[in-house]
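Novice: Mind looking at a prediction? Sequence and model below.
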Amino acid sequence: MPAVSKGDGMRGLAVFISDIRNCKSKEAEIKRINKELANIRSKFKGDKALDGYSKKKYVCKLLFIFLLGHDIDFGHMEAVNLLSSNKYTEKQIGYLFISVLVNSNSELIRLINNAIKNDLSSRNPTFMCLALHCIANVGSREMAEAFASEIPRILVAGDTMDSVKQSAALCLLRLYKTSPDLVLMGEWTSRVVHLLNDQHMGVVTAAISLITCLSQKNPDEFKTCVSLAVSRLSRIVSSASTDLQDYTYYFVPAPWLSCKLLRLLQCYPPPEDGAVKGRLVECLETILNKAQEPPKSKKVQHSNAKNAILFEAISLIIHYDSEPNLLVRACNQLGQFLQHRETNLRYLALESMCTLASSEFSHEAVKTHIETVINALKTERDVSVRQRAADLLYAMCDRSNAKQIVAEMLSYLETADYSIREEMVLKVAILAEKYAVDYSWYVDTILNLIRIAGDYVSEEVWYRVIQIVINRDDVQGYAAKTVFEALQAPACHENMVKVGGYILGEFGNLIAGDPRSSPLVQFNLLHSKFHLCSVPTRALLLSAYIKFINLFPETKATIQEVLRCDSQIRNSDVELQQRAVEYLKLSSIASTDVLATVLEEMPPFPERESSILAKLKKKKGPGAVSVPDLEDGKREGGELNGGGERGPDSAAMSASNASTPSPSADLLGMRSAAPMSAAPTSAGSLLVDVFSEAGPAAPSAAVNDDGFLRDLEPPTETSGLSSELQTPVDSPFNASSRRFVCKNNGVLFENQLLQIGIKSEYRQNLGRMYLFYGNKTSVQFASFTTTVSCPGELQSHILSILRATKPVEPVVEGGAQIQQVLNIECLTDFSEAPLLNIKFRYGGALQNLSLKLPVTINKFFQPTEMTSHDFFQRWKQLSQPQQEAQKIFKANHSMDTEVLKAKLLGLGTALLDDVDPNPENYVCAGVIQTKGQQVGCLLRLEPNGQAQMYRLTLRCSKDSVSLRLCELLAQQF
């Protein structure tokens, strides 16, 4: 880089900065700045031409003023003029000013681009680097469009200086991150990958950042980088610190490059080539061996660099999960860090061991550190480290140590930081259920959980213990006895009262033989908590009281007196009042046989995945729960039966069929999950019909126990696009377009000649679609034309014609890409899709391509948020048979929860939470906006993981829309 001459010190700038610093007040600073701005403006407008030094000085002052927070509205042209200077310092200041102040929409952008092009083609390495830095700093889409095709050429050119290659690689990385669709490597791919073999370590370090980013998006195109990365890593790891003297950091050879190489390898599975894999294993073993060696320096920089490589290597070992020896060695190495004096190292070790605990090869090795982890949970000062320790205990738990870990977590819970208590409660509940062989221990654990941290025990936890107690005959008596004893405490959490009321109402007769827990004693104990509870809990206790009348006739008079008092039958809460009146009447007029039938014991809940585990996954985020799902854990003597999502209070509903549904009455929000044997209700009935498990089935099909139709033919797959360029479009919606029902961006079509990308946006009944045509060959396309047509009724009645803002260029050069913009207006609902016809000449031969554009009726959805009450009311209104469309079909893709949510949101509707009584189902609402009318739509998707099937139900205010949406969506899941 050129030396800065003595005259480049810019004394005037130094004086101005000194004046600003010496200002005593804000007003004085503004006054000095205004004076300087006036002086600069007069200099720029004066008749006398300024020399390069003066321009540079004044532009620097403007830049400094801007950085102080003041607006600058002049001087841009002078900065652009500096770009044409042959002096480094003047050109540098010009580029600096442009990088900071010039907007990408500026009128000067063309002049700037021309100056940059001149510098890039100058072959002066200093000027080329300045131009590349400017492109990367601005990083706009306009910059990408102008230079994305030029920079790869500079990067791989044989005569490019090493410093320029580094800048080019990082500049291309910046453009790829901002505009990935414009940075197309194509023919440059192999040459960019081979930069890993470059002699200059700086070039390799810059190139690997680019290759890692590209590999994450297009792993197949860059898979040849694996062998080169292993080779380069092997040379670094086996070298001494003196071999790479210029790139050795505190006796550690090239630590940054080593970490980047290890991170790149994590983008790919283990190498298939035995020699490459053996060399990589040898590298990883060497890194683990070096970690055991005594440090060559006591400086913290040495240990930081060494440990950075070690942790990245361990991450790669965990990613491969195929080398038992390396996994165990990694675990032992991390175990040494658990007692390290550095907090950051302890945190990282705990975090990495959480992942190791999920591997079958290293799980036992992780368990050997249980005492150290428990000690960390108790003694660590940093709450984030304690949270990681809790995560690790959760991950390493199995049947052999479950009781110890749960006991330690319960002990810690009493003093745990408030921010992690809810998560700790969920983990204790999951572990207690998953590894419970003795169900009495499970009941004790959950009741202790409620006693210690009742405020943090969510409804899912106490629902779950009730479900399990009901499904296990052998634990019902013990649960009744234990909860009765727990309720005798003077201070009792409300969740304990809920559990006690439900269990004693169902199984209080099992302990009634003991005089200390006689029926009247049980009732008085529950009623002593009544006045302290909230309305939902009081409603549950009233249901328990009516159950007592059935179980213990001797308590009838006492309970009727309670129900008859003014505080109950004239309660201000309508739910409590209604229950009291109906229960009192039921106990008075019903015979013993009728009462026993109406208030019979709750049937077992159907087996399902624990809702607690689902709540923990939602809280931690996808992929954060390291233990397998509960349904994977088979126990001796059967599984802990999952809770069919049906509330404990449904007994009260059977007692009072006339009761009006309300949020306070239905504690689990799942009253409407009718038994499978129940007769189907009419379409016009209330919520039971809307969300019943059986649902309105087709009369000709049999329904199995899961509520899905049996003996169905799987949906037939329509054929995809032809591999020939002449593409058929006779299918209603060809396979390429079908992929865009739930997304707006992507590649619509690609073959050996042409790639068509699409990016679209919609608002109300209007839309705009950007089409990108890329020539993948080195030969130009001539006579390139595109035509959009709306066949049949689509053009005249349904969808307005798609108008191109301007025609496409007739010639597409080899390796080039052109863009076309289409405007869309939806007049009314439609079912067909517009056709895109493309014609061009390639090598003298005429090519003709026809595609269906992915314009579907759901693109004009506007999401609609609705409360549960509004949704149910609207669903009931849309009860005409022609307004509903339903389809039951086999799952075509993975039934992953996050993927399903993403697709439903991509559909354009609002995904409504806590509306469907079954949390496994999905409920959506939206309005389709057309020019002529609005069409309201409600959707319900019921997945059945066991049968790998879905039931999709749509109700719309227009019947044709229901059928079309049902047809579209059935292909997406």
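Specialist: Now that the structure is in, tell me what you want to look at.
Novice: what's the helix or strand hosting Ala79 packed up against?
Specialist: Assessed by DSSP states H and E, Ala79 sits inside helix 76-82. Here helix 76-82 touches helix 52-67, helix 88-101, helix 109-120, going by 3 or more CB pairs under 8 Å, 6 or more residues apart in numbering; DSSP states H and E. C-beta coordinates here come from the backbone N, C-alpha and C atoms, glycine included.
Novice: Average pLDDT for it, rounded please.
Specialist: Taken as a whole, helix 76-82 carries a mean pLDDT of 88.
Novice: Please identify the buried residues of that helix?
Specialist: 76, 78-82 (16 or more other CB atoms under 10 Å).
Novice: just curious, which of those is nearest to Ser778?
Specialist: Nearest to Ser778 among those: Val80, at 35.3 Å, using CB to CB.
Novice: one step back: the helices and strands packed on helix 76-82 into a markdown table, with extra columns for mean neighbour count, distance to Leu316 and mean pLDDT?
Specialist: Output for the helices and strands packed on helix 76-82, formatted as a markdown table (neighbours: other CB atoms under 10 Å; distance: least, CB to CB, whole Å; pLDDT from 0 to 100):
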| stretch | mean neighbour count | distance to Leu316 | mean pLDDT |
| --- | --- | --- | --- |
| helix 52-67 | 20 | 42 | 90 |
| helix 88-101 | 21 | 37 | 90 |
| helix 109-120 | 18 | 37 | 88 |
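Novice: okay if I get those as TSV plus distance to Leu576?
Specialist: Output for the helices and strands packed on helix 76-82, formatted as TSV (distance: least, CB to CB, whole Å):
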stretch	distance to Leu576
helix 52-67	66
helix 88-101	67
helix 109-120	70
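Novice: what's next to the helix holding Ala79, contact-wise?
Specialist: 44, 50, 52, 55-56, 58-59, 90-91, 93-94, 97-98, 101-102, 106, 108, 111-112, 115 (CB atoms under 8 Å, 6 or more residues apart in numbering).
Novice: hmm, 6 Å instead?
Specialist: 55, 59, 90, 93-94, 97-98, 108, 111 (CB atoms under 6 Å, 6 or more residues apart in numbering).
Novice: for stretch 156-174, same thing?
Specialist: So stretch 156-174 is contacted by 125, 128-129, 132, 135-136, 139, 151, 154-155, 188, 191, 200, 202-203, 206-207, 209-210, 213 (CB under 6 Å, 6+ apart).
Novice: at 8 Å what do you get?
Specialist: Taking CB under 8 Å, 6+ apart as the rule, stretch 156-174 contacts 123, 125, 128-129, 132-133, 135-136, 139, 148, 151-152, 154-155, 183, 188, 191-192, 195, 198, 200, 202-203, 205-207, 209-210, 213.
Novice: Please verify my assumption that Leu540 contacts Gly500.
Specialist: No - taking CB atoms under 8 Å as the definition, Leu540 is not a contact partner of Gly500, at 9.9 Å.
Novice: Who has more neighbours out of these two?
Specialist: Between Leu540 and Gly500, Gly500 has the larger neighbour count (other CB atoms under 10 Å), namely 29 against 26.
Novice: Keeping just the C-alphas, turn the helix or strand hosting that one into PDB.
Specialist: In the assignment (DSSP H and E), Gly500 maps to helix 494-507. Only the C-alpha atoms of helix 494-507 are listed here, as PDB (Å, rounded to 0.1, in the frame of the first residue of the first chain):
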ATOM      1  CA  GLU A 494     -54.400 -24.100  44.300                       C
ATOM      2  CA  ASN A 495     -53.000 -26.700  41.800                       C
ATOM      3  CA  MET A 496     -52.900 -29.200  44.700                       C
ATOM      4  CA  VAL A 497     -56.600 -28.400  45.400                       C
ATOM      5  CA  LYS A 498     -57.400 -29.100  41.800                       C
ATOM      6  CA  VAL A 499     -55.600 -32.500  41.800                       C
ATOM      7  CA  GLY A 500     -57.100 -33.300  45.200                       C
ATOM      8  CA  GLY A 501     -60.600 -32.400  44.200                       C
ATOM      9  CA  TYR A 502     -60.500 -34.500  41.000                       C
ATOM     10  CA  ILE A 503     -58.800 -37.600  42.500                       C
ATOM     11  CA  LEU A 504     -60.900 -37.700  45.700                       C
ATOM     12  CA  GLY A 505     -64.100 -37.100  43.600                       C
ATOM     13  CA  GLU A 506     -63.200 -40.200  41.500                       C
ATOM     14  CA  PHE A 507     -61.400 -42.400  44.000                       C
END
